[in-house]
Structure formats: C-alpha cells, structure tokens
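In: sequence below, structure please.
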Amino acid sequence: MPGGTALRESSTASSRSGRPVIRRGPGLRARLTLLATALVAVVSGLLLWLGWVLTGSVVSAVPRLPSGSMVRVDGAVVPAQELGAALRESAREQVLLAGVPAFVAVVVAAAVLAWTVTGRVLRPLHEVTDSARRLSAESLEQRIELSGPRDEVAELANTFDAMLDRLQVAFESQRRFVANASHELRTPLSVIRTELDVTLSDPVADAAELRRMAGVVRDATARAERLVEALLLLARTEGVELAAREPVDLTEVVGRAVRGVSDEAEHRGLHMHRCAEPAWATGDPALLERVVGNLLENAVRHNIDGGWVEVFTSSGPQRASLRVISSGPDVDSEQVEALFEPFRRAGTQRTARTGTGLGLSIVRAAVAAHEGRVSAEPVHGGGLAVTVDLPVAP
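Out: Prediction:
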C-alpha cells in the first residue's frame with residue numbers, strides 16, 4: 001500500500017541520516033514481565049483446576065449408606081444417595097473460595113517480582129546503552145567497566161569495552177594518517193602552484209623557462225600520484241583478509257625485486273649481495289611481492305652512494321624468513337619502531353625528496369595480514385636491517 005511504503009521509506013531515511021529510529025511497543029522489561037506473569041498465571045490456573053478436580057473426586061468417594069437414609073450436610077438434610085454429590089460440590093466450592101484469591105495474589109506477586117528482577121538484570125544493559133549514546137569520535141576514551149557478577153551481561157560489557165579499545169586505536173591512527181597525508185599532499189601542490197605563479201608573473205619567460213616549469217610540475221604530479229597509490233594500497237591492506245593463500249617461492253620473488261631496483265642501485269654505485277636459500281611461504285603472491293619490493297626499494301633509496309645491500313632468504317620448520325640489510329645513515333635504536341609509521345624515514349621525517357614514506361607501513365600491514373612478524377634493527381656503522389617471518393608453505 002502507498003501508506004505502508006511511505007512509512008518504510010521514512011524509517012529507512014531516518015536510519016540512514018543518523019537519527020535514532022523510534023520503535024513503538026513495550027520495552028524488553030515489560031515483555032519479560034508479561035511473559036513471566038503469563039507463565040505463572042497458566043501454571044497457577046492449572047494447579048487450581050487440578051485441585052478442584054481431585055478434591056471433588058476424593059470427597060465424592062464416600063461409603064455407600066442404606067437406601068432411604070437421610071444425612072445432614074452443612075445444616076441441610078439430603079438423601080444418602082446424594083451425599084457424594086453434595087460433599088463434592090461443597091469441597092469444590094471451598095477450593096474455589098480459597099484458591100481464587102490465592103491465584104490472584106500469586107499472579108500479582110509474580111508480576112511485581114518479575115518487574116523488579118528484570119529491572120535489576122537489565123540495569124547493566126542500560127549502562128551499556130547510555131555509554132553508547134554518550135560516545136562520539138571525541139569521547140572514545142570512556143569505558144563501561146561493569147562491576148558485579150561475571151555473567152553474560154558482564155561479558156557483553158567487556159566485549160563492548162574491547163571494541164572501544166580497537167575503535168580508539170583506529171580513530172587515533174586515522175587522525176594521524178589524515179594529518180600526515182594532508183601534509184605530504186600539500187607539498188607537491190605547493191610546488192606546482194609556486195612554479196605556475198612564478199612563471200606566469202615573468203613577462204619575458206621563454207620556451208626554455210616554460211619547459212623547465214613543465215618538468216617541475218610533472219615531477220610534482222608524479223610524486224602526488226605515487227603517494228595516492230601508496231595510500232590506497234595501505235588502506236586496502238590494513239585489517240583485511242587475504243584474497244588468496246597459496247605457496248609462494250620467496251627466492252623467485254626476491255629475484256624479480258632485485259632486477260626491479262638494479263638500475264637505480266647501479267646508478268648510485270650500490271653493491272648488491274644476495275644469498276638465496278630456498279624458502280616457501282604461504283600467502284598472497286601479489287602482496288608478498290609488494291613486501292619484498294618495498295623492502296628493496298627502501299634499502300636502495302635510503303642508502304648512501306657507494307653503499308651495499310644484502311638480501312637473505314631462509315626456511316625453518318614453521319617460518320620462512322626474509323632479511324634485507326643495507327648501509328645508510330645512522331638510525332637511533334629508539335626510533336626504529338617509529339619507522340613503520342606512515343611518512344617516517346630513516347634519519348629524516350617528511351623531508352625526503354624520493355619515495356612516499358609509506359613503504360615500511362605497507363610492509364607491516366601486509367605481513368600482519370599474513371599472520372607473520374616484521375622487525376627492524378639498526379646496523380653498526382649506519383643502515384638498517386629488516387627481518388620478515390612468514391608462515392611456511394606446507
């Protein structure tokens with residue numbers, strides 16, 4: 001019907017707009033109270049009926065008296081053959097006189113008790129609801145911390161607190177990520193605008209100047225494009241399930257990655273050393289190739305001219321390992337863990353002219369998706385050593 005359709009569309013629109021949807025009808029406390037009262041009323045009514053039936057049957061079973069005898073029952077004289085029926089009716093009447101008030105009292109007491117008990121039982125749920133209503137992106141530090149017995153409601157509250165912990169970490173990470181990404185994207189845009197303004201304000205700018213400006217703009221847009229692609233890859237990698245799980249030969253992946261950075265390494269005079277022991281891991285081939293590629297690109301780009309890069313693969317009973325060691329600037333051991341944060345680089349922060357500053361962040365997210373481990377440590381004399389442990393292929 002048109003009216004019903006309009007009502008459903010209005011309800012859907014309200015829920016999508018973020019406003020709470022008002023639901024008509026009794027609450028959970030009222031429904032539980034009505035259910036408990038109804039059950040008590042049914043059971044009490046059944047017991048009263050059974051008492052009424054059994055009392056009449058027992059009382060009517062009286063000894064047979066001589067025919068024609070008269071008996072006095074409750075001040076009334078009745079023939080002996082009607083004694084059983086008279087006693088049955090009298091007994092059933094007494095049962096009803098005493099049972100009906102008791103039935104009413106039991107039902108009322110059950111309703112009051114059910115209302116009180118359900119209120120106490122549902123109180124922690126109200127606390128959970130109130131906490132959820134108070135929450136916002138600026139108040140995620142609040143927790144329920146429910147006290148009392150360790151029952152299902154307490155388990156729900158603990159689960160809610162754990163969810164808030166994860167949400168708080170995610171929101172804080174998102175804030176840092178957005179702030180850093182905004183800063184990084186602003187740099188190439190500022191370069192582009194500055195070059196355009198300077199060139200356009202020069203009335204004697206010739207073709208050579210225009211070509212120089214175009215080259216700077218092209219480099220800045222290429223950097224912004226690489227940054228956006230890295231941001232998308234990191235967003236797709238963090239906290240997601242693997243699209244595929246299959247045996248991957250890390251030795252072969254390392255070989256392709258070495259060939260991919262060989263030109264840049266040769267241009268900078270880097271000495272590449274590779275120790276390729278057979279190592280088979282289980283995971284997504286595309287992601288693992290990105291892991292190895294990022295580690296080698298990081299080792300080459302953040303190296304020193306004439307430096308060196310060493311790559312080792314090995315396999316154990318449960319883990320396949322990849323280790324990339326490179327020379328480079330000195331790295332403080334206390335700052336090693338921070339290198340896996342977005343837009344952090346060895347020896348500098350947000351100042352490098354090459355790369356996006358997301359290489360190790362993507363490595364950590366991809367390794368975590370494979371249920372593996374990644375660690376780093378500074379190299380004596382300058383440089384960094386990164387070790388990746390992955391589940392071995394069966």
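In: now the strands for the stretch 251-394 of the chain?
Out: Applying DSSP state E, counting those that start in this stretch to the stretch 251-394 of the chain gives strands spanning 271-276, 280-283, 308-315, 319-326, 344-345, 348-349, 373-378, 384-391.
In: closest to Q168 out of those strands?
Out: strand 344-345 (21.6 Å; C-beta to C-beta). Yep, even glycine has a C-beta here, placed from its N, CA and C like the rest.
In: what's the helix or strand containing D130 packed up against?
Out: If you go by DSSP states H and E, D130 is part of helix 83-134. Judged by 3 or more C-beta pairs under 8 Å, 6 or more residues apart in numbering; DSSP states H and E, helix 83-134 is in contact with helix 28-60, strand 70-73, helix 152-201.
In: take these and write them to CSV, including mean pLDDT, mean neighbour count and distance to A214.
Out: Output for those, formatted as CSV (pLDDT from 0 to 100; neighbours: other C-beta atoms under 10 Å; distance: least, C-beta to C-beta, whole Å):
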stretch, mean pLDDT, mean neighbour count, distance to A214
helix 28-60, 83, 15, 68
strand 70-73, 62, 12, 121
helix 152-201, 78, 14, 9
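In: of all the ones you listed, which one is nearest V367?
Out: Taking C-beta to C-beta, helix 152-201 is the member of the helices and strands packed on helix 83-134 nearest to V367, at 16.9 Å.
In: which helices and strands does that closest one pack with?
Out: helix 83-134, helix 207-237.
In: which among the ones you listed is found nearest to V248?
Out: Nearest to V248, of the helices and strands packed on helix 152-201 and by C-beta to C-beta, is helix 207-237 at 16.2 Å.
In: got the angle between the closest one and helix 152-201?
Out: Orientation note: helix 207-237 sits at an angle of 170 degrees relative to helix 152-201 (axes from the mean of the first three to the mean of the last three C-alpha atoms, to 10 degrees).
In: which parts of the protein belong to which domain?
Out: The chain breaks down by automatic domain parsing into domains covering 25-63+74-160, 179-237, 246-391.
In: in a markdown table: the strands of the stretch 251-394 of the chain, plus mean neighbour count, distance to V42 and mean pLDDT.
Out: Shown next, in a markdown table, are the strands of the stretch 251-394 of the chain (neighbours: other C-beta atoms under 10 Å; distance: least, C-beta to C-beta, whole Å; pLDDT from 0 to 100):
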| stretch | mean neighbour count | distance to V42 | mean pLDDT |
| --- | --- | --- | --- |
| strand 271-276 | 13 | 78 | 86 |
| strand 280-283 | 22 | 59 | 88 |
| strand 308-315 | 20 | 69 | 92 |
| strand 319-326 | 22 | 63 | 92 |
| strand 344-345 | 19 | 69 | 56 |
| strand 348-349 | 13 | 73 | 44 |
| strand 373-378 | 17 | 61 | 91 |
| strand 384-391 | 21 | 58 | 92 |
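In: how about the ones you listed, which one is nearest E93?
Out: In terms of C-beta to C-beta, the element of the strands of the stretch 251-394 of the chain nearest to E93 is strand 384-391, at 81.1 Å.
In: in its sheet, what does the closest one sit against?
Out: Strand 384-391 sits in its sheet next to strand 319-326 (antiparallel), strand 373-378 (antiparallel), going by DSSP bridges.
In: let me have those in a markdown table, extended by distance to V367.
Out: Putting these into a markdown table (distance: least, C-beta to C-beta, whole Å) gives the following:
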| stretch | distance to V367 |
| --- | --- |
| strand 319-326 | 10 |
| strand 373-378 | 4 |
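In: looking at those strands, which is nearest to D332?
Out: Nearest to D332 among the strands paired with strand 384-391 is strand 373-378 (7.3 Å), distances taken as C-beta to C-beta.
In: quick one: which of the helices and strands packed on helix 83-134 is nearest Q94?
Out: Closest to Q94 of the helices and strands packed on helix 83-134, according to C-beta to C-beta: helix 28-60, at 8.0 Å.
In: relative to helix 83-134, how tilted is that closest one?
Out: Relative orientation of helix 28-60 versus helix 83-134 (the same axes, to 10 degrees): 170 degrees.
In: report all helices and strands that helix 28-60 contacts.
Out: Looks like helix 28-60 contacts helix 83-134 (3+ C-beta pairs under 8 Å, 6+ apart).
In: if we can go back for a sec, ok, which of the helices and strands packed on helix 83-134 comes nearest M272?
Out: helix 152-201 (29.3 Å).
In: so how far is that closest one off the chain centroid?
Out: Its chain's C-alpha centre and that of helix 152-201 lie 18 Å apart, by C-alpha atoms, centre = their mean, to the nearest Å.
In: give me the phi and psi for V204.
Out: Main-chain dihedrals, V204, degrees, to the nearest 10: phi -110, psi 20.
In: what's the distance between it and L122?
Out: V204 is 81 Å from L122, where distance means C-beta to C-beta, to the nearest Å.
In: cool, G359 as well?
Out: Between G359 and L122 the computed distance is 51 Å (C-beta to C-beta).
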